[in-house]
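1. One predicted model, sequence on top.
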Amino acid sequence: METLVSIRKLVKSYQRGPEKVEVLHDINLDIDRGDFVCLMGPSGSGKTTLLNLIGGLDSPTGGEIAVDGQRIDQMGANRLTKWRASHIGFVFQSYNLLPMLSAQKNVELPLLLTNLPAAQRRRNAQIALQLVGLADRVRHKPGELSGGQLQRVAIARAIVSDPQLLVCDEPTGDLDRKAADEILALLTQLNRDYGKSIIMVTHDPKAAEYAKRIIHLDKGTLVDAASLAAMG
């Protein structure tokens, strides 16, 4: 398999007053193209921090992150913003939709960073909404949609620019079991049928079952399955 994400000796720390807090320690990790990886671990273990670093939302304190052969840890802020727009799709627990915009306009937002004409942006948004099963909801605003439908709009927004990698932070955290399973089945379809690589943070063991591989973090360090079994 071809490696999509390559992480070497990754360190992330924050300064809290006089104290330096290291959130991630010496992370080494490879994620293959076409993989569906779940990041699990207790609260405060560094899962979301690692996800944000892979997605280029944050920068490491030390070490290397390469995505599709590009060293994103060496990119400046402007270049990183452009890179994210075309390479990464983000799905968050809280949907992050603008309440005054229709589903279609929300999905179009990432395309405003491109040179596509308005008609093409609209068409691409409609295709993305159709793909997630919301072709009949393009004009609905977030207040008119259920939680599961809101997350489908968010996923449509994440895939509208045809990114190779989706990073999902607790994508089913606000959903009931039925809606959660529908969203996870949709992510599985995007991975299986459309070749999207997915990295998902979750606390939910049932959600993790949809992934091809589970990676455990504890206190900022990767923990292998053998160590987990010994701890259990």
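-> Received, thanks. Numbers count the residues shown, from 1 in each chain.

2. use CA for all of it now, contacts and neighbours both
-> Will do.

3. for Ile183, what are its contacts?
-> Applying C-alpha atoms under 8 Å, 6 or more residues apart in numbering to Ile183 gives the contacts Gly148, Gln151, Arg152, Pro171, Thr172.

4. Same question for Lys105.
-> Arg122, Ala125.

5. And it, how far from Lys20?
-> Relative to Lys20, Lys105 is positioned 42 Å away (C-alpha to C-alpha, to the nearest Å).

6. ok, what's across the strand from the spatially most central residue of the chain?
-> Centroid check for the chain by C-alpha atoms, centre = their mean gives Val167 as the closest residue, at 1.2 Å. Here Val167 sits in beta bridges with Phe90, Ile199, going by DSSP bridges.

7. List the contacts of it.
-> By C-alpha under 8 Å, 6+ apart, the contact list for Val167 reads Leu51, Gly55, Ile88, Gly89, Phe90, Val91, Ile198, Ile199, Met200.

8. Please list only the buried members of the residues you listed.
-> Buried residues within the contacts of Val167, counting neighbours by 16 or more other C-alpha atoms under 10 Å: Leu51, Gly55, Ile88, Gly89, Phe90, Val91, Ile198, Ile199, Met200.

9. how much space between the second one and Lys178?
-> With the distance defined as C-alpha to C-alpha, Gly55 ends up 28 Å from Lys178.

10. pLDDT weak spots in the protein?
-> Applying pLDDT under 70 to the chain flags residues 224-232.

11. in it, which spans are helices?
-> With DSSP state H, the ranges of helices along the chain come out as 47-54, 77-87, 103-108, 118-131, 147-159, 177-194, 205-208, 225-231.

12. Go through those helices and name the closest to Lys219.
-> Nearest of those to Lys219, taken as C-alpha to C-alpha: helix 47-54 at 9.6 Å.

13. Export that closest one to CSV, keeping only CA atoms.
-> Output of helix 47-54 as CSV, limited to C-alpha atoms (Å, rounded to 0.1, in the frame of the first residue of the first chain):
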residue,chain,number,x,y,z
LYS,A,47,-6.4,12.5,19.9
THR,A,48,-7.9,15.8,18.7
THR,A,49,-4.4,17.4,18.8
LEU,A,50,-3.0,14.7,16.5
LEU,A,51,-6.0,15.0,14.2
ASN,A,52,-5.6,18.8,14.0
LEU,A,53,-1.9,18.4,13.2
ILE,A,54,-2.6,16.0,10.4
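
14. Contacts made by that helix with the rest, please.
-> 5, 23-24, 39-41, 58-60, 65, 67, 167, 169, 199, 201, 217, 220.

15. Now do that helix: distance to the chain's middle.
-> The chain centroid and the centroid of helix 47-54 are separated by 9 Å under C-alpha atoms, centre = their mean, to the nearest Å.

16. For Ser43, the count of nearby residues, please.
-> Ser43 has 12 neighbouring residues, counting by other C-alpha atoms under 10 Å.

17. what's the spacing between it and Val5?
-> Separation of Ser43 from Val5 (C-alpha to C-alpha) stands at 24 Å.

18. same check, this time on Arg192
-> 18 Å.

19. do the same with Thr202
-> To Val5, Thr202 is 19 Å away according to C-alpha to C-alpha.

20. Those two: which is more packed in?
-> Between Thr202 and Val5, counted using other C-alpha under 10 Å, Thr202 has the larger neighbour count: 23 against 20.

21. Can you list phi and psi of the residue nearest to the more buried one when sequence neighbours are not counted for me?
-> Distance criterion C-alpha to C-alpha, 6 or more residues apart in numbering; nearest residue to Thr202, sequence neighbours excluded, is Glu170 at 4.8 Å. Reported as degrees, to the nearest 10, the phi and psi values for Glu170 are phi 50, psi 60.
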